[in-house]
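> Just the structure for this:
(one chain, ligands or ions: 2)
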Amino acid sequence: MAQNRKTIVVKFGTSTLTQGSPKLNRPHMISIVQQITRLHQTGFRIVIVTSGAVAAGRDYLNHPQLPPTIASKQLLAAVGQSQLIQTWEQLFAIYDIHIGQILLTRADIEDRERFLNARDTLQALLDNGIIPVINENDAVATAEIKVGDNDNLSALAAILVQADQLYLLTDQQGLFDSDPRKNPAAKLIPVVNEITAHIRSIAGGSGTQLGTGGMSTKIGAADIATRSGIETVIAPGNRPDVITDLAYGKPIGTKFTVAPEHLESRKQWLFAAPSAGQLIIDDGAENAVLVQHKSLLPAGIVRVEGRFSRGEVVKIRTLGGKDIALGMPRYNSDALTLIKGKKSHEIERVLGYEYGAVAVHRDDMIVIK
Ligand SMILES: Nc1ncnc2c1ncn2[C@@H]1O[C@H](COP(=O)(O)OP(=O)(O)O)[C@@H](O)[C@H]1O
Ligand SMILES: N[C@@H](CCC(=O)OP(=O)(O)O)C(=O)O
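Numbering: from 1, shown residues only. Ligands and ions are numbered 1, 2, ... in the order given. Got it, this is the predicted structure:
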């Protein structure tokens, strides 16, 4: 058990979950759940991004005649999301696996504090062997705060969990050189090393009433993910064992490779913001960060300068005044002022809560010396 620590985000489009019908296809969902169970039991960390709420809502309400408004779609999503999550829950329960529902909007990802909260929740679920099941919070998402399609949402989720791979499962074999629904002679493209204007131009919209975005949103998602160091595959959701085969490296569908210079960019993405303060650290902490490549503990912080929230970017500065790293602290400036110089086990006593033992985790730090 648990030899493989690879983290994979798997996104299921409506087309895959319904198998082209007007309702969720439970027999097909069982085969998906069985594959994820196998991976989960061998230590893979799997995150599900699921579409299908609107389709499930429409089916549950017996295909009502509703005005073509956003409110109608939100009504269907509100009804259907509970059907959708219940279906996943019941199917995973067969294998004694727990799931946790997370409904996100763009606002939850763009705001750093909320980004960190979502990331911590996802991490906690994964650490406890619970499979996160994510969808957009369609029922409350207005035009300004929604991501709008689950392809892009899954790329953002993959960044949140620092995934190794993202699989976009759909009703086609992968990306073709033109829409195969319109051109039966279209050819599958097995590997994309660079998302060029040509690649974008061959990706069309959804071929069905129920899908959102088609290939063009999948290309957008692959672009976001690969720039952040996450390999992305568009693959057929109805192929037997597609998820397990992909996880063990079988070439299926269209693979979008990660350029080597992008491997560190998940951190660059996090650290695009200007710095909001400084943490002045002692010699021991300097050695831990620079030589031992470790996280920064509160014990090594001598002084906290500036006012910042959890997740804003700060400079990590030596006693000699040299900036050696940028990082996103797990605590805000007030909390760090109280716990600086203290041992990690004292954090909860001093603050009355804790967000973990470290002040700035190694994953949230770039050394700049
Ligand atoms: N170049 C292309 N290659 C493959 N599929 C394409 C292409 N351009 C457009 N499509 C359409 O994209 C559809 C898949 O997207 P979508 O309907 O949104 O599915 P999902 O629900 O899986 O997200 C396909 O059924 C196909 O009609
Ligand atoms: N959040 C919506 C799905 C949006 C979406 O992108 O759909 P799809 O193109 O089928 O992945 C729902 O649950 O119905």
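
> Looking at strand pairing, list the partners for Ile8.
As for beta bridges, Ile8 partners with Ile46, Gln165 under DSSP bridges.

> Quote the end-to-end distance of stretch 11-22.
19 Å (C-alpha to C-alpha, to the nearest Å).

> For it, buried residues please.
Judged by neighbour count using 16 or more other C-beta atoms under 10 Å, the buried positions of stretch 11-22 are Lys11, Phe12, Gly13, Thr14, Ser15, Thr16, Leu17, Thr18. Any C-beta I mention is one placed from the backbone N, CA and C, and that applies to glycine too.

> how near is the closest residue to ligand 2 within the stretch 151-300 of the chain to Thr254?
Residue nearest to ligand 2 within the stretch 151-300 of the chain: Thr212 (3.6 Å; C-beta to the nearest ligand atom). To Thr254, Thr212 is 19 Å away according to C-beta to C-beta, to the nearest Å.

> Compare these two (neighbour count), which wins?
Neighbour totals were compared for Thr212 and Thr254, and Thr254 leads with 25 against 17 (other C-beta atoms under 10 Å).

> ok, which residues in the stretch 51-200 of the chain are in contact with ligand 2?
Residues of the stretch 51-200 of the chain lying close to ligand 2 (C-beta under 6 Å from any ligand atom) are Ser51, Gly52, Ala53, Val54, Ala77, Asn135, Glu136, Asp138, Asp149, Asn150.

> unless I'm mixing things up, the second one is touching Asn25, no?
What that stands for is Gly52. No. Taking contacts as C-beta atoms under 8 Å, Gly52 lies outside contact range of Asn25: 9.8 Å.

> Quick check: the gap between the most centrally placed residue in the chain and Lys11.
Most central in the chain under C-alpha atoms, centre = their mean is Ala157, positioned 1.4 Å from the mean C-alpha point. To Lys11, Ala157 is 8 Å away according to C-beta to C-beta.

> the strands in the stretch 51-200 of the chain, which residues?
Per DSSP state E, counting those that start in this stretch, the stretch 51-200 of the chain carries strands over the ranges 99-104, 131-136, 165-170, 191-192.

> Please list the outside residues in contact with the last one.
What that stands for is strand 191-192. Defining contact as C-beta atoms under 8 Å, 6 or more residues apart in numbering, one finds that strand 191-192 is touched by Leu175, Ile199, Ala222, Thr254, Lys255, Phe256, Thr257.

> who touches the second one in this structure?
Applying C-beta under 8 Å, 6+ apart to Ile199 gives the contacts Leu175, Ile189, Val192, Ile219.
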